[in-house]
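> Predicted model, plus sequence, below.
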Amino acid sequence: MMAWQRKNKQLECALSPLFRGKVTRPDPIVWILFVALVAGCSGKVSTTDAGPDEDAGQDAGDLIDAGDPGPGDEGDPEPGDEGDPESGDEGDPGPGDEGDQGHGDDGGDFADGGGDNGDSGCVDDCPFLGGIEWGCAKRFMYGVNYAWHHFAGDFGGISPWGQLGVSGQPDTIRSELEEMKQHGVSVIRWWMFPDFRGDGIQFDGEEKPVGLAGTALADIEKALELAEEVDVYYMLCIFSFDNFSPSHDVAGIWTPGMTPMVTDAEKRAALIDKVVRPVAQAVESSPYRQRVIAWDVINEPEWAMTGPSPYGDEDYAPNGELDPVTHAQMETFVSETIAALRQESQALITVGGAAMKWANAWSQVDIDFYQFHMYAWINDWWPYDNPPSHYGVDDKPVVMGEFPMGDLDDGISYPDVITSWYAGGYAGALSWQYNEAGAAQLDLVEAFSAQHACETTY
């Protein structure tokens with residue numbers, strides 16, 4: 001309840017037995033009765049309410065004036081008035097705030113770890129030490145990779161193949177999100193444009209991005225709406241190493257390669273300004289923007305990189321089917337993308353690092369938490385059961401953004417892995433992947449969530 005509402009309630013309660021019609025200052029006897037009634041209505045007695053002619057009578061006087069504030073008052077009492085807590089307390093924001101900690105609409109400000117809870121302060125019932133903070137909750141970020149319903153088609157559609165985006169099949173997507181939620185998933189990592197075969201991005205004749213197209217904007221909004229309905233959160237992964245295939249035909253669809261868009265400054269600026277910014281703006285303008293907990297700039301970019309690491313990691317070993325770039329070129333692209341996201345969005349930011357093999361690759365860019373992936377070949381050299389500090393990544397939280405939903409390797413089960421990370425200093429884990437998972441695998445996800453229901457749920 002706002003301060004002026006509380007005061008008007010007290011005023012109505014206090015004056016109703018004493019006055020009819022116009023309110024005037026009563027004689028001393030009536031005044032004493034009035035002060036007693038105010039104390040009874042407010043539930044407290046002030047020793048300063050001595051009488052109508054003393055300064056200590058300010059509290060009762062303010063009650064009389066509350067319904068007609070002076071210019072610029074907006075109904076807020078004077079500083080020190082017992083009926084009004086300090087600025088930011090009791091859900092009574094300061095002038096111009098109107099109760100929204102964010103950009104002035106419904107989503108609230110989540111980027112600094114403080115949500116729009118209708119109150120300045122919030123209580124986290126089960127904070128996870130070292131977890132990822134979002135809204136009023138610090139949690140072990142737990143969930144799965146969707147990672148897509150249609151590869152490269154969920155945000156924009158792929159019309160030549162008759163594949164619809166999210167907005168074209170909301171019931172199907174809702175059903176899949178609900179199944180994830182029912183199995184204890186709180187955060188879903190969802191790939192957006194892992195290559196450019198879809199209708200979501202339009203290019204000119206020189207393969208320079210000119211803007212979002214197809215149903216991309218409608219799909220973003222519908223995805224956020226469905227997240228609100230189902231009560232899940234997203235980590236939206238914008239690009240992937242797959243984008244770095246040379247331009248080629250994919251079953252009749254010409255698919256531009258991303259390498260020139262990273263190495264050429266003009267094309268890079270176009271990709272960021274015409275794609276990244278509009279995507280972030282679409283999320284930020286939604287009343288459900290808080291459902292995007294993080295941006296993953298690019299999935300496993302190391303596979304599209306060549307040459308030495310400038311930060312002491314092993315040399316990069318690019319996928320032979322890709323057109324790779326240097327570390328410096330990829331780092332420039334990642335840094336500029338992050339800068340644009342910071343300007344347009346409140347969500348957290350990460351990069352989907354391929355493995356601890358390149359633990360330092362993104363240590364010099366402005367991410368909020370590290371993300372690494374874990375598979376059997378990685379575990380052979382960089383074992384899963386070492387803490388992040390063992391790999392020198394203890395300056396930010398670490399989320400394991402991909403790992404098998406079943407056994408990591410012979411004799412290493414899903415419960416072994418997830419329990420080790422939960423107890424061993426990691427900030428979250430998202431298994432791979434829902435759209436290929438069987439019932440037994442989803443049951444494993446659910447079982448761990450049931451053991452730590454509060455700590456794994458935003």
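Noted; the coordinates are in hand.

> Beyond the lowest-mean-pLDDT helix or strand in the chain, next helix or strand please.
One helix or strand of the chain scores below all others by mean pLDDT, DSSP states H and E: helix 58-65, with a mean of 31. Using DSSP states H and E, the helix or strand that follows helix 58-65 in sequence is strand 132-134.

> for that following strand, which positions count as buried?
By neighbour count on 16 or more other C-beta atoms under 10 Å, the buried set for strand 132-134 is 132-134. Glycine gets a C-beta too; all of them are placed from N, C-alpha and C.

> ok, so of these, who is nearest residue 442?
residue 132 (22.6 Å; C-beta to C-beta).

> Report the beta-bridge partners for the closest one.
residue 139 (DSSP bridges).

> For residue 142, list the residues it contacts.
The neighbours of residue 142, taking C-beta atoms under 8 Å, 6 or more residues apart in numbering as the test, are 184-187, 428-430, 448-449, 452, 456-457.

> Sorry, wrong one. I was asking about residue 240.
So residue 240 contacts 191, 194-195, 298-300, 352 (C-beta under 8 Å, 6+ apart).

> Restricted to strands, list those.
191, 298-299, 352 (DSSP state E).

> Just put these in CSV and tack on distance to residue 254 and pLDDT.
Output for those, formatted as CSV (distance: C-beta to C-beta, whole Å; pLDDT from 0 to 100):
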residue, distance to residue 254, pLDDT
191, 21, 99
298, 22, 99
299, 22, 99
352, 26, 99
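
> Which member of those is positioned nearest residue 149?
residue 191 (10.2 Å).

> Roughly how far does that closest one sit from residue 297?
12 Å (C-beta to C-beta, to the nearest Å).

> ok, back up a step: between the buried residues of strand 132-134, which sits nearest residue 285?
Once C-beta to C-beta is applied, the member of these that ends up nearest residue 285 is residue 134, at 19.3 Å.

> now that closest one: how far from residue 419?
23 Å.

> Repeat that for residue 285.
Taking C-beta to C-beta, one finds residue 285 at 40 Å from residue 419.

> Model confidence score at residue 122, please.
If you check residue 122, the pLDDT there is 85.

> Can you tell me the closest non-neighbouring residue to it?
residue 136 (3.6 Å; C-beta to C-beta, 6 or more residues apart in numbering).

> Count residues in the vicinity of the one you found, would you?
The number of residues packed around residue 136, counting by other C-beta atoms under 10 Å, is 19.

> Also residue 249?
For residue 249, using other C-beta under 10 Å, the count is 9.

> neighbouring contacts of the helix or strand harbouring it?
Assessed by DSSP H and E, residue 249 sits inside strand 248-250. Here strand 248-250 makes contact (C-beta under 8 Å, 6+ apart) with 195, 197, 254-255, 257.

> What of stretch 311-322?
Contacts for stretch 311-322 (C-beta under 8 Å, 6+ apart): 241, 244-245, 302-309, 324, 327, 357-361, 363-364.

> how about 10 Å then?
241-246, 248, 257-259, 300-309, 324-327, 330-331, 354-364, 381, 392 (C-beta atoms under 10 Å, 6 or more residues apart in numbering).

> how about low-confidence regions in the stretch 101-250 of the chain?
Where the stretch 101-250 of the chain drops to pLDDT under 70, the residues are 101-120.

> redo that, cut-off 80
Flagging of the stretch 101-250 of the chain using pLDDT under 80 yields the residue ranges 101-121.

> can you give me the helices in it?
Using DSSP state H, counting those that start in this stretch, the helices of the stretch 101-250 of the chain run over 170-182, 216-230.

> Which of those sits closest to residue 437?
The nearest among the helices of the stretch 101-250 of the chain, by C-beta to C-beta, is helix 170-182 at 9.5 Å.

> distance of the residue nearest the centre of the chain from residue 404?
Centroid check for the chain by C-alpha atoms, centre = their mean gives residue 293 as the closest residue, at 1.8 Å. Distance, residue 293 to residue 404, using C-beta to C-beta: 23 Å.

> Equivalent analysis for residue 321, please.
Distance from residue 321 to residue 404, by C-beta to C-beta: 23 Å.

> Show me which of these two is the more surrounded one.
Neighbours were tallied for residue 321 and for residue 404 using other C-beta under 10 Å; the higher tally belongs to residue 404 (18 against 11).

> Next up, the contacts around that one.
Here residue 404 is in contact with 374-376, 412-414, 417, 431-433, 441 (C-beta under 10 Å, 6+ apart).

> I'd like to know which of those is nearest to residue 171.
Nearest to residue 171 among the contacts of residue 404, with distances taken as C-beta to C-beta, is residue 433, at 21.4 Å.

> Show me the helices in the stretch 251-400 of the chain, by range?
259-263, 265-271, 277-284, 327-344, 376-379.

> Next, the angle helix 277-284 makes with the longest one.
Taking axes from the mean of the first three to the mean of the last three C-alpha atoms, to 10 degrees, helix 327-344 and helix 277-284 form an angle of 40 degrees between their directions.

> Compute the number of surrounding residues for residue 180.
Neighbour number of residue 180 under other C-beta under 10 Å is 22.

> now the one 3 residues further on
Residue neighbour count, defined by other C-beta under 10 Å, stands at 21 for residue 183.

> Name the SS class of the residue lying closest to it once chain neighbours are set aside, please.
Nearest residue to residue 183, sequence neighbours excluded (C-beta to C-beta, 6+ apart): residue 446, at 4.1 Å. Assigned with DSSP: H, G, I helix; E, B strand; the rest coil, residue 446 falls in the helix class.

> Could you verify my assumption that residue 446 touches residue 143?
No. If you go by C-beta atoms under 10 Å, residue 446 and residue 143 don't touch, sitting 11.5 Å apart.

> between the two, who's got more neighbours?
Remark: of residue 446 and residue 143, residue 143 carries more neighbours, 29 against 15, as counted by other C-beta under 10 Å.

> Contact partners for the more buried one?
Residue 143 sits in contact with 180-181, 183-189, 232-235, 293, 428-431, 434, 445, 449, 456-458, where contact means C-beta under 10 Å, 6+ apart.

> if I look at the residue nearest to it when sequence neighbours are not counted, how far off is residue 403?
Leaving aside its chain neighbours, residue 143 sits nearest to residue 187 (3.7 Å; criterion: C-beta to C-beta, 6+ apart). Look at residue 187 and residue 403: by C-beta to C-beta, they are 14 Å apart.

> same thing with residue 224?
If you go by C-beta to C-beta, the gap between residue 224 and residue 403 works out to 27 Å.

> swap in residue 343?
33 Å.

> These two: which has the busier surroundings?
Remark: of residue 343 and residue 403, residue 403 carries more neighbours, 24 against 10, as counted by other C-beta under 10 Å.

> That concludes my questions; thank you for your assistance.
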